[in-house]
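J.: need coordinates for the following:
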Amino acid sequence: MLIRLTLSLIAVVLTALPAAAQSRPAIAYTTANLNMRTGPGTNYQILTTIPRGGGVTIFGCTADFRWCDAAFTNVKGWVSGRYLSYGGEGIYYGRPIPSAGIYLGVPRYHRDYPIYDRPPVVVVEPVQPARPAPYRPRYPGYPPRYFEHQVY
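T.: Numbering: from 1, shown residues only. The predicted structure follows:
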């Protein structure tokens, strides 16, 4: 009885390990200058442009891996999966995400995609530089007068 319990516990742990490994975000690199958008499609607003070779963290993709939910520096949004190549270790290094994503265990969204808000634009008022004081020549003038000490 104790042996069966131990073996069943080991089986549960071993089946949970691949699932835990699949839930980690994948690392990818862009193959072109890539627009990051607020949602999965070209009709959404552009958040930023990721330069070619920029590293992104992929949290999930659409079911067909056309669009991926990713983060670049401190911006999170959607990028096209066609321009991402896997940057982690292993045999899938350098392969495009649409062909390697299923083997890497990248989570897939089938609906209810997260849509990100465009960060507010901070308008900075230009600061006017202080005007320099006008030039006034300095004349030494008269020497200070000599006053005698007064005793009170």
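
J.: in the protein, where is pLDDT below threshold?
T.: 1-23, 119-121, 139-152 (pLDDT under 70).

J.: give me that answer again for 90
T.: Low-confidence regions of the chain, defined by pLDDT under 90, span residues 1-26, 73-74, 87-90, 92-94, 99-106, 109-152.

J.: residue ranges for the helices of it, please.
T.: Under the criterion DSSP state H, helices of the chain are mapped to 2-22, 97-104.

J.: which strands or helices does the shortest one pack on?
T.: Read it as helix 97-104. For helix 97-104, the elements it packs on are strand 26-30, strand 55-62, strand 84-86, judged by 3 or more CB pairs under 8 Å, 6 or more residues apart in numbering; DSSP states H and E. C-beta coordinates here come from the backbone N, C-alpha and C atoms, glycine included.

J.: so for A133, which of these sits nearest?
T.: Each of the helices and strands packed on helix 97-104 was checked against A133 via CB to CB, and the shortest separation belongs to strand 55-62, namely 51.8 Å.

J.: F65 is in contact with P40, correct?
T.: No. With contact defined as CB atoms under 8 Å, P40 does not count as touching F65 (10.8 Å).

J.: quick one: closest of the helices and strands packed on helix 97-104 to Y109.
T.: Set against Y109 and scored by CB to CB, those come closest in strand 55-62, at 5.4 Å.

J.: and the closest one, which strands flank it?
T.: Strand 55-62 has its sheet partners listed here by DSSP bridges as strand 26-30 (antiparallel), strand 67-72 (antiparallel), strand 108-109 (parallel).

J.: pick the most deeply packed of the ones you listed.
T.: Neighbour counts averaged per stretch over those are highest for strand 67-72, at a mean of 23; criterion: mean count of other CB atoms under 10 Å.

J.: what does that strand contact?
T.: Contacts of strand 67-72 with the rest of the structure, by CB atoms under 8 Å, 6 or more residues apart in numbering, involve 28, 36, 40-41, 48, 50, 54-62, 76-81, 84, 97, 101, 106, 109, 113-114.
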